[in-house]
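Student: Prediction below, plus the sequence it came from.
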Amino acid sequence: MRFDIVTLFPAIFDGYLSQGLLEKAIQRELVDVQRHNLRDWAPDTPHRPVDDKPFGGGPGMLIQVEPTVRCVEDVQAMETSSPPGSTRRIVLTPQGKRFDQPMAEEFATSQRLMLLCGRYEGFDQRVMDILQPEEVSVGDFVLNGGEVAAMVIIDAVVRLLPGVLGDEQSNIDDSFSRGNRLLEFPQYTRPREFRGHKVPDVLLGGNHAAIAKWRAEQSHQRTLQRRSDLLGDQTDNNPSK
Ligand code: JDQ
């Protein structure tokens, strides 16, 4: 799968792309991540501007439509092996549809994702009108730009790709994976006791039916206490979708 990231700050991704699971997936050519500096599409004048003040007044600056549309069109044309229709264009914005596990699963079936990361107060509306990207939010809080949100998307999608996780099974039972809308039960490893905090006896007894029952109860209890919206209770936990 190929990711194209359009950003004014490509270096933000350096550490993320060079560590752990993603580094391995890139080395094994399961994933290709290309960054594109929007500044390269700015006018060839000393300051290479890509932003300007909003018409009608108001605080802050907006990213201009012209460099953005030209950039996206050029980036689209960079990999002709994938037809334009097979690329999903995503713009990260607090105004978008809330990102969730089903959306990650759908993105993971795509050959190519283009992620548009804004800065300042975001993009001129005509970027959305012309390119018609999917507008996606990673949560109801305001980031300083789309880059961290893009990393969230890449992180959630990459671990769903065949061959990326060492243990092919290890994401199947995760909270929120298809069909599972419960929080995970608590887990423990050695030692059996630390500062008086003991591992629950049931986990040490080897009774697998009793362990499964305890874990199911813990999952349900936790979900009820922390995220009752997942159980269909819409009165709690900002289910803003
Ligand atoms: C941008 C900003 C004032 C946006 C600029 C580009 N889920 C989510 N939270 N925040 C973002 C996404 C996000 C994404 C892209 C962004 C925030 N900002 C900052 C400032 C109004 C709108």
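Tutor: That came through, no problem. Fair warning: this is a prediction, and the values are worked out from it, not measured in the lab. Numbers count the residues shown, from 1 in each chain.

Student: contacts and neighbour counts: CA atoms only from here.
Tutor: Fine.

Student: Specify the residue ranges that define each domain of this protein.
Tutor: Listed domain ranges for the chain are 2-158, 182-241 (source: automatic domain parsing).

Student: and the last one with the ligand, contact?
Tutor: No - Domain 182-241 does not reach the ligand (C-alpha under 6 Å from any ligand atom); its nearest approach is 11.9 Å.

Student: Off-centre distance for that domain?
Tutor: 25 Å (C-alpha atoms, centre = their mean, to the nearest Å).

Student: Next: the longest one.
Tutor: Remark: domain 2-158 is offset 11 Å from the chain centroid, using C-alpha atoms, centre = their mean.

Student: Low-confidence stretches in the chain?
Tutor: Applying pLDDT under 70 to the chain picks out residues 167-173, 236-241.

Student: So the residue nearest the centre of it versus Lys213, what's the distance?
Tutor: Geometric centre of the chain, nearest residue: Ile153, 1.6 Å, by C-alpha atoms, centre = their mean. Distance, Ile153 to Lys213, using C-alpha to C-alpha, to the nearest Å: 34 Å.

Student: now swap in Leu92 and tell me
Tutor: In this view, Leu92 and Lys213 are 41 Å apart by C-alpha to C-alpha.

Student: ok, now Gly163?
Tutor: Distance, Gly163 to Lys213, using C-alpha to C-alpha: 31 Å.

Student: still on that earlier bit, looking at the domains of the chain, which one is packed in the most?
Tutor: Stretch with highest mean neighbour count among these: domain 2-158 (a mean of 16; mean count of other C-alpha atoms under 10 Å).

Student: List the neighbours of the lengthiest helix in the chain that are in contact with it.
Tutor: Longest helix of the chain, by residue count under DSSP state H: helix 208-226. For helix 208-226, the surrounding residues in contact (C-alpha atoms under 8 Å, 6 or more residues apart in numbering) are 182-186, 202-203, 230-231, 237.

Student: Asp51: which of these is nearest?
Tutor: Nearest to Asp51 out of the contacts of helix 208-226 is Asn237 (C-alpha to C-alpha; 36.5 Å).

Student: How is Val142 classified with respect to secondary structure?
Tutor: At Val142 the chain is in coil, as set by DSSP: H, G, I helix; E, B strand; the rest coil.
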